[in-house]
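>>> sequence first, predicted model second:
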Amino acid sequence: MAGREAPEGQKAKKAIGRPPRLSLPLVTEAATELVRESGLRKLSMRAVAERIGATPMALYNHVGDREELVSRVVEHIFEQLVLPDTTLAPLDWLREVALRVRMLGLAHWGVMDYLLEEGPAVHGALLVLERTVSMLHDAGVPWSEAGDLHNTFFSWLAGTIRRQEQWAARDNGASPPLQRFHSAALALPAKDYPGVKHTLSRMRALDVDAEFENSLDFMLEGIGRRIQRHQDEARPVKKPRRR
């Protein structure tokens with residue numbers, strides 16, 4: 001039963017023996033667990049060493065420094081990302097990828113910061129880049145523009161995830177997110193700021209998930225229009241029949 005102690009002499013004893021043999025996979029997995037618990041920003045060689053019962057110096061035999069450790073952890077996290085079937089239409093594929101990346105990012109705080117700072121520097125993120133750009137190109141978008149669309153879409157996605165992380169990390173006693181903005185907007189004279197007046201109530205009512213879905217729809221609608229424009233331009237112009 002919960003809260004009941006075992007009889008004297010029968011309490012579980014702490015296992016005595018050598019810590020598990022150090023290896024790069026063990027170090028990486030332990031570091032990933034710490035990221036899930038505390039976020040990437042707080043990851044340190046010392047914390048990983050304590051988690052696996054080793055000394056910080058022992059880790060350097062497998063990982064050169066914290067920068068390399070962070071890179072390996074982000075790579076390991078993105079190995080968990082299962083990409084949708086490429087038979088999906090481009091916009092459906094992008095929507096599903098966005099939902100899966102968001103779930104992955106919210107479970108590993110700080111990973112989106114890494115991608116915003118370093119770009120798609122790990123294999124899993126490079127694979128997303130490859131699939132996205134190739135799919136858009138197959139739909140009729142030129143290579144250069146397909147790359148720009150990828151960068152815009154995933155920069156937006158990383159930014160929205162990062163903002164939600166920051167909101168979730170606020171202290172319980174902190175004011176609600178965007179409270180200063182709402183207070184400043186309410187103080188404005190409505191006759192001079194009609195746009196703010198008419199949109200503020202909706203902004204205050206939207207929750208994080210609804211806002212994400214709305215902005216995702218806007219992004220995909222814009223990409224869809226670019227695809228449609230290029231497809232229309234590629235169609236041969238029909239010459240009028242001679243009478």
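Cool, the structure landed.
>>> please tell me how far residue 86 sits from residue 234.
Distance of residue 86 to residue 234, computed by CB to CB, to the nearest Å: 21 Å. To be clear about C-beta, it is placed using only N, CA and C from the backbone, and glycine gets the same treatment.
>>> domain assignment for the protein?
For the chain, whose domains are defined here by automatic domain parsing, the residue ranges read 24-78, 90-233.
>>> show me how far the last one is from its chain's centre.
Using CA atoms, centre = their mean, to the nearest Å, the mean C-alpha position of domain 90-233 is found 10 Å from that of the whole chain.
>>> got the end-to-end distance for it?
Taking CA to CA, to the nearest Å, domain 90-233 runs 18 Å from one end to the other.
>>> pLDDT on that domain, on average?
Over the span of domain 90-233, the pLDDT mean works out to 92.
>>> list the contacts for residue 152?
With contacts defined as CB atoms under 8 Å, 6 or more residues apart in numbering, residue 152 is in contact with residue 219.
>>> what strand or helix carries the residue nearest the centre of the chain?
Nearest to the mean C-alpha position of the chain, by CA atoms, centre = their mean, lies residue 105 at 3.4 Å. Using DSSP states H and E, residue 105 falls within helix 90-107.
>>> just checking, what packs against that helix?
Helices and strands touching helix 90-107, by 3 or more CB pairs under 8 Å, 6 or more residues apart in numbering; DSSP states H and E, are helix 111-118, helix 123-138, helix 143-168, helix 208-234.
>>> of those, flag the one that's most buried.
Between the helices and strands packed on helix 90-107, the one whose residues have the most neighbours on average, counting mean count of other CB atoms under 10 Å, is helix 111-118 (a mean of 19).
>>> hmm, who's touching it?
Under the contact criterion CB under 8 Å, 6+ apart, helix 111-118 has outside partners 35, 40-41, 70, 74, 77, 104-105, 121, 125, 154-155, 158-159, 161-162, 165.
>>> ok, stretch 196-215 next?
Taking CB under 8 Å, 6+ apart as the criterion, the residues outside stretch 196-215 that touch it are 102, 156, 160, 164, 167, 178, 182, 185, 186, 188, 190.
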